[in-house]
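Participant: model the structure of this input:
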Amino acid sequence: MPWQEFRDCEQCGREMYTWRPTQKFCSKECRGAAERAEKNYPVSEWARLYETGSTYRNIATLYGVSYAVVRRSVQLSGVKPRTDHEHLRKYDNPRNA
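Facilitator: Below is the predicted model of the structure:
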């Protein structure tokens, strides 16, 4: 019979039924959230840069992380993604720049 017990998730606090003694999180989402928090990324700065016209790839290069880390972190912070060409609208009319 495998090792089993009830324990609280370290991220969200929900009770979970564990199947191994080292299990800390109830789901992949909780594990990912805990890992992102542990790295202490400057997500508010990334969101500000993205909202002022920078791309995910430019931000990732600037901070030395992957495109996916920036995209997921910024979107989880509540910033809506742009359309593919929306960031080019600033070039339509020089007075709007």
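Participant: flag the shaky bits of the chain, pLDDT-wise.
Facilitator: 1-3, 84-97 (pLDDT under 70).
Participant: all helices of it, in order?
Facilitator: Counting by DSSP state H, residue ranges of the helices within the chain are 28-39, 43-51, 56-63, 67-76.
Participant: okay, these in JSON lines with mean neighbour count next?
Facilitator: To be clear about C-beta, it is placed using only N, CA and C from the backbone, and glycine gets the same treatment. Formatted as JSON lines, the helices of the chain follow (neighbours: other CB atoms under 10 Å):
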{"stretch": "helix 28-39", "mean neighbour count": "12"}
{"stretch": "helix 43-51", "mean neighbour count": "17"}
{"stretch": "helix 56-63", "mean neighbour count": "16"}
{"stretch": "helix 67-76", "mean neighbour count": "17"}
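Participant: those: which one's closest to residue 11?
Facilitator: helix 28-39 (3.8 Å; CB to CB).
Participant: alpha carbons of the closest one, as CSV, please.
Facilitator: Coordinates of the C-alpha atoms in helix 28-39 are reproduced here as CSV (Å, rounded to 0.1, in the frame of the first residue of the first chain):
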residue,chain,number,x,y,z
LYS,A,28,0.6,22.1,-11.5
GLU,A,29,-0.9,25.6,-11.4
CYS,A,30,0.0,25.9,-7.6
ARG,A,31,3.5,24.6,-8.2
GLY,A,32,4.1,27.0,-11.1
ALA,A,33,2.8,30.0,-9.1
ALA,A,34,5.1,29.1,-6.2
GLU,A,35,8.1,28.8,-8.5
ARG,A,36,7.4,32.1,-10.1
ALA,A,37,7.0,33.8,-6.7
GLU,A,38,10.3,32.2,-5.6
LYS,A,39,12.2,33.7,-8.5
